[in-house]
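**Student:** Structure here, sequence nowhere to be found:
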């Protein structure tokens, strides 16, 4: 199993009230942007990733979002390129480049090839569709999101593997002269991992392409369902899925004492946390979701939806205006919700002693080949962030590596995803173990 | 009460769903970007003298999406084929909002296709001043309510949106908005070359605009007026983006008078 480090690189200098007033992180005015502090933090976060390498993490993962203080990584390839030079050993995992939002797959192929070359083959490149809000920010037509995703992906693979020059006339992209003089160091191209939160269409696509799927902190029960779906699709394509096909990323924070860990963990819901990524109107631009997803939403507007809380979704579907706002109350409510998500294993917090068994349980249930620690959000000090990383790396990670060996969790570098042949007629091997869910009171 | 029916017309290589009702000379109606809202009082009043033909836009749920249509000019070209194949030209037309954009694209390509053209709060040209409301950056509910100046004081608005949506309604609005985004996302609900192509078009044209229209600014009417030199303008005081339900008697009066000219 590979163990990774991930942070959203939160902008830490925005008063929480501004996020709550705006009902979301996206669309808070950048008049609050402090350039000096941002300069410090870009440098700090690069150092933090170097520290992750020093501590022994196998990989560092980057992402990007646009127009959003939730994540300072607006152009992830820039950070990846710097890390390619600053680090020596870690895999640099991009989860992932929002292809339909960038709208320039040839440029993307060149940028990523350069990163792979500079790092001498340490790039793992992933693709995403981009959040709903990013369709607005980048003026990317949401109704073509999936078409553009598919076409850009197919084009990039070709650009990396088919000797040029050649001409490309697609539906959304057109290139007269495809012949990049920057080809990836890895042959035929860097591995690709696909992160996701809910979309069965994405899982189906991953299974078809034999790409590992990285669950982004999704609830354990539904994640099991989704991975079963992947494995069933994999069987249709003639292979047995296993740990090498799956990764899991989960908010994790450690401290020297339980009290301190609980004090810090509240920052995962700073400003509303992930459920306040963007307001409903920006989360679901018209045409962005599949017809089946829209039908599901129309019938059951109760759960949270891609970064919007269930409560806000109901407001969206019904006729409710957001009620008058008491920020202290909201803050209290958010913190009280945190107990629940900790009980549900959606957020892991504690000392190494309490964190280790929880992560082992996650490994038992989901059997991922990759586990990624998602570092704390909100205005947490550099010192506390680094302590959390150190405690994880020194006191949890070695035991997790050992445990992964014991329960046989090969990663995608040890076993090529899709390489285990599935013979039709037999039943496929289970990819998850739901039995601990019951004990935890989860479905 | 006029009987209206929904029929399927095979034309322009498609199976086009169309509402038909009334009697008399045909009158073509292009609904807006939220789709056909059902048979309203204004339909009833116009149907006593005219046969209303209301095609249900491809991709809005009833007529399948047509992939080769990727912008409003394509859509206008498609409807022009439909009109020709049905031997309807020249025909009178009313286009509402994005439906006005469709009609304007058609008349720019073929000024003789319409005998009279009425554009109600039309999108399609970049406004001289102000901006067309970004209806994609809001929830369906907010979008719907933005289309009338006084939702509570407009009884027929409750037929379109009564404060709750059934799953079927939600899906229909979502279909309409998705298809509108697909063909109108960028540039947002206008075509930069349309005003130039409208130069010299002599088709009798009327621009109707509610003075409290929160979706299409007066600047769009000014821009159309500039492009279509001979167009008349009728402002309906106090109405929003749906003058046909917000002030039905005035809307009916203006339309009937113009069509009789």
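**Tutor:** Looks like it came in fine. Because the structure is a prediction, the values reported are computed rather than measured.

**Student:** Check what contacts the longest helix anywhere in chain A and list those residues.
**Tutor:** Using DSSP state H, we find that the single longest helix of chain A is helix A:35-55. If you take Cβ atoms under 8 Å, 6 or more residues apart in numbering or on different chains as the criterion, helix A:35-55 is touched by A:5, A:7, A:9, A:11-13, A:60, A:62, A:72, A:79, A:82-83, A:86-90, A:375, A:382, A:385-386, A:389-390, A:393-394. Using the backbone N, CA and C atoms, a C-beta is placed for each residue, glycine as well.

**Student:** Which SSE is immediately downstream of it?
**Tutor:** The element immediately downstream of helix A:35-55 (helix or strand, assigned by DSSP states H and E) is strand A:59-62.

**Student:** Would you mind checking the contacts of helix A:35-55 for buried ones?
**Tutor:** A:5, A:7, A:9, A:11-12, A:60, A:62, A:72, A:79, A:82-83, A:87, A:90, A:375, A:385-386, A:389, A:393 (16 or more other Cβ atoms under 10 Å in any protein chain shown).

**Student:** quick one on the thing from earlier: for the longest helix of chain A, which residues meet the burial criterion?
**Tutor:** Buried, per 16+ other Cβ under 10 Å, within helix A:35-55: A:41, A:42, A:44, A:45, A:46, A:48, A:49, A:50, A:51, A:52, A:53, A:55.

**Student:** Could you tell me the per-residue confidence at the first one?
**Tutor:** Reading off the confidence values, residue A:41 has pLDDT 98.

**Student:** got it, and the third one?
**Tutor:** At residue A:44 the predicted local distance difference test score is 98.

**Student:** Which parts of the chain are strands?
**Tutor:** If you meant another chain, say so; for now it's chain A. Along chain A, counting by DSSP state E, strands occupy A:2-6, A:59-62, A:91-98, A:123-128, A:166-169, A:174-178, A:192-196, A:213-216, A:246-254, A:348-350, A:370-374.

**Student:** was after chain B, sorry
**Tutor:** Under DSSP E, chain B gives strands at B:4-11, B:14-22, B:25-30, B:50-55, B:91-96, B:114-120, B:205-210, B:232-236.

**Student:** pretty sure residue A:232 is touching residue A:428, no?
**Tutor:** Yes: counting by Cβ atoms under 8 Å, residue A:428 is a contact partner of residue A:232 at 7.4 Å.

**Student:** Would you mind putting the strands of chain A into CSV with distance to chain B alongside?
**Tutor:** CSV is the format used below for these (distance: least, Cβ to the nearest Cβ, whole Å):
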stretch, distance to chain B
strand A:2-6, 30
strand A:59-62, 28
strand A:91-98, 17
strand A:123-128, 20
strand A:166-169, 15
strand A:174-178, 14
strand A:192-196, 21
strand A:213-216, 25
strand A:246-254, 29
strand A:348-350, 34
strand A:370-374, 29
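
**Student:** can you redo those as CSV with mean pLDDT and distance to residue A:31?
**Tutor:** Output for these, formatted as CSV (pLDDT from 0 to 100; distance: least, Cβ to Cβ, whole Å):
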stretch, mean pLDDT, distance to residue A:31
strand A:2-6, 98, 29
strand A:59-62, 98, 27
strand A:91-98, 98, 25
strand A:123-128, 97, 29
strand A:166-169, 98, 42
strand A:174-178, 98, 39
strand A:192-196, 96, 31
strand A:213-216, 96, 30
strand A:246-254, 98, 29
strand A:348-350, 98, 33
strand A:370-374, 98, 29
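
**Student:** Show me what from the stretch 101-250 of chain B comes close to chain A.
**Tutor:** Counting by Cβ under 8 Å from any Cβ of the partner chain, the residues of the stretch 101-250 of chain B close to chain A are B:136-139, B:141-142, B:163-165, B:167-168, B:170-171, B:174, B:177-182, B:185-186.

**Student:** In ChimeraX, how would I select the buried members of the residues you listed?
**Tutor:** Buried subset of those, written as a ChimeraX selection, criterion 16+ other Cβ under 10 Å:
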select /B:136,137,138,139,141,165,167,170,171,174,177,178,179,180,181,182,185
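
**Student:** closest to residue B:103 out of the strands of chain A?
**Tutor:** strand A:174-178 (31.3 Å; Cβ to Cβ).

**Student:** packing partners for that closest one?
**Tutor:** With contacts taken as 3 or more Cβ pairs under 8 Å, 6 or more residues apart in numbering or on different chains; DSSP states H and E, strand A:174-178 sits against strand A:166-169.

**Student:** Name the residues that touch the strand it packs on?
**Tutor:** Contacts with strand A:166-169, where a contact means Cβ under 8 Å, 6+ apart, come from A:155, A:158, A:174, A:175, A:176, A:177, A:178, A:179.

**Student:** Can you give me the buried ones in it?
**Tutor:** residue A:168.

**Student:** Stretch A:428-442 too?
**Tutor:** Buried residues in stretch A:428-442, counted by 16+ other Cβ under 10 Å: A:428, A:431, A:432, A:437, A:442.

**Student:** Average pLDDT for it, rounded please.
**Tutor:** With pLDDT averaged residue by residue, stretch A:428-442 scores 93.

**Student:** that older thread, identify those among the residues of the stretch 101-250 of chain B next to chain A that sit within helices.
**Tutor:** Among these, the residues falling in helices (DSSP H) are B:141-142, B:167-168, B:170-171, B:174, B:177-182.
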